[in-house]
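Peer 1: Take this sequence and fold it.
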Amino acid sequence: MEPEQVLSPLEASVILAFGGEQETLTLEQITTRAEIEIAQARSSVERLKLKTALVQTDERAEILVALSELGQHAVAMQLPELGLWTTLAAQGGMSIRELQTRDDLSAADAGAAFGALKRRGLLLMDGQFVRPAEDADLHDLLVRQHLIEKIGAAGKI
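Peer 2: A predicted model of the protein is given here:
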């Protein structure tokens, strides 16, 4: 004979959330019906699975992406790399010093953007003068900017 398994009050509330033996519930439905917090439900469900009182029939992962303050700034002002490249393209070129002392970017952000553009081969250097590469492929930057704008418009995806 198996020893009697004692249920905690939270485990009991999870069991009672089910209306029938074959009912399937999501974790969110369990929290609502049992009137407990999501962390309590998750913990109780895991313990009940170990006791073979519940069987998990499906698992889904939901990933949400939202913008940080820096991301929101990129929606309003463009990605630093794209903004820097756009300025270079409009002016035909600039000195490195001019690039690092922009009004719209801190020196650190301008330096990081400059480095990223340089690594991607999107800039041509002539001493202290920088100009955009003629055959520059901005596809990756434009896709990233579009994604950030899409997330910014939706609030999260």
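Peer 1: Point to the helix or strand of the protein where mean pLDDT is at its lowest.
Peer 2: Every helix and strand of the chain was ranked by mean pLDDT, DSSP states H and E. The lowest is helix 96-100, at a mean of 86.
Peer 1: list the buried ones in it?
Peer 2: 98, 99, 100 (16 or more other CB atoms under 10 Å). The way it works is simple: take the backbone N, C-alpha and C, and place the C-beta from them, glycine included.
Peer 1: Distance-wise, check the second one relative to residue 112.
Peer 2: Yep, that's residue 99 we're talking about. According to CB to CB, to the nearest Å, residue 99 stands 11 Å off from residue 112.
Peer 1: what do you get for the last one?
Peer 2: Residue 100 sits 11 Å away from residue 112, taking CB to CB as the criterion.
Peer 1: With the first one instead?
Peer 2: For residue 98, the distance to residue 112 equals 16 Å [CB to CB].
Peer 1: Now do the SS call for the spatially most central residue of the chain.
Peer 2: Nearest to the mean C-alpha position of the chain, counting by CA atoms, centre = their mean, stands residue 65 at 3.5 Å. Per DSSP: H, G, I helix; E, B strand; the rest coil, the secondary structure class of residue 65 is coil.
Peer 1: from what I can see it touches residue 155, true?
Peer 2: No. Counting by CB atoms under 8 Å, residue 65 does not reach residue 155; the two are 10.4 Å apart.
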